[in-house]
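Undergrad: give me a 3D structure for the following:
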Amino acid sequence: MTRQPQLSLSSIELRAHKLADLATRCLIDEARLSPKPGLVDARGSGAHQDLTLALMERSARSLTPTFHALALNSWNRPADVALRQQVGRLGREGEQQMMQATGGVNTHRGAIWAMGLLVSASAMLVGEGDAQQVAQTAARLANLPDDAAPKSFSKGLRATQRYRVPGAREEAQQGFPHIIQLALPQLCRSREAGAGDTEAQLDALMAIMTSLSDTCVLSRAGLEGLTVMQNGARAVLVGGGVQHAEGRQALAALDARMLSLNASPGGAADLLAATLFLDRSSRLTF
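TA: Numbering: from 1, shown residues only. As a prediction, the model looks like this:
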């Protein structure tokens, strides 16, 4: 890859702002996307009692300074322990800012991890990497140690241990396979088949849900909920996706079933937002 010539601090600052604004827009667009099974969207709060679309949007905007700091501090840097620990510190500070903005409600903790790594990786590649290169760079960063990371277990980590499945940490360390191998290809296929943006994004979400061990679902509804999610998402795609009547009917059935189980695929939603970021960042002009 050909590196850009040395840039002024103001030029790097501008590029960091563009990456941060893009990451924020992707989180907001994911939240607004409708209809999503069990998730907050433009229709309502899904399976959540403490979340609203307005809260999700406020949370996303509170993270813009964090994404900007991640991009600025990662610009044209190699993946090493020093950067990994700096990224971890900035992410945890961003989480605190998010909690202040939401009154203590965890809206985007998982998204900070996934999106934060991808913003950093894109900046490490000075905005020149394609989706796979950015994901692989993020994986190198995610595999490095962060000694300052908290030792307490989140609900997601407890679910990965209880059910012996990979979680958000492993997804990043493996180079985001659910994005690179499933979501982005489905996004392209749906677009080529004539789907609109909303339909293609919903299909990409379904592609993620077909195989993701979503710890949000596991925490709320156990293995039954995970099986319902995966099988229901497959039915949507087998039905031709959301642009076809059969696919839409399968999506409505999945939504009703997820609500009955009080299950919300928050992990899949985080990866969809990250999918949108990788899809759009490859076309971002600086």
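Undergrad: how far away from the center of its chain is stretch 156-172?
TA: The chain centre lies 16 Å from the centre of stretch 156-172; the measure is C-alpha atoms, centre = their mean, to the nearest Å.
Undergrad: start to end distance for it?
TA: 14 Å (C-alpha to C-alpha, to the nearest Å).
Undergrad: check contacts around the residue nearest to P265 when sequence neighbours are not counted.
TA: Leaving aside its chain neighbours, P265 sits nearest to D214 (4.8 Å; criterion: C-beta to C-beta, 6 or more residues apart in numbering). Where you see a C-beta, it was placed from the backbone N, CA and C, and this is true even at glycine. By C-beta atoms under 8 Å, 6 or more residues apart in numbering, the contact list for D214 reads 226, 229, 265-268.
Undergrad: ok, these vs A138, which is closest?
TA: Among the contacts of D214, G267 lies closest to A138 (C-beta to C-beta), at 16.4 Å.
Undergrad: what's the neighbour count on A47?
TA: For A47, the neighbour count with other C-beta atoms under 10 Å is 24.
Undergrad: hang on, the earlier thing: confidence score at the residue nearest to P265?
TA: Turning to D214, the model gives it a pLDDT of 96.
Undergrad: among the contacts of D214, which one is most surrounded by other residues?
TA: P265 (31 neighbours).
Undergrad: hang on, that residue packs against L259?
TA: No: counting by C-beta atoms under 8 Å, P265 does not reach L259; the two are 11.9 Å apart.
Undergrad: need the overlap of contacts for those two.
TA: Counting by C-beta under 8 Å, 6+ apart, the shared contacts of P265 and L259 are 37-38.
Undergrad: now L39: how far from A60?
TA: Distance check for L39 against A60: by C-beta to C-beta, to the nearest Å, it reads 14 Å.
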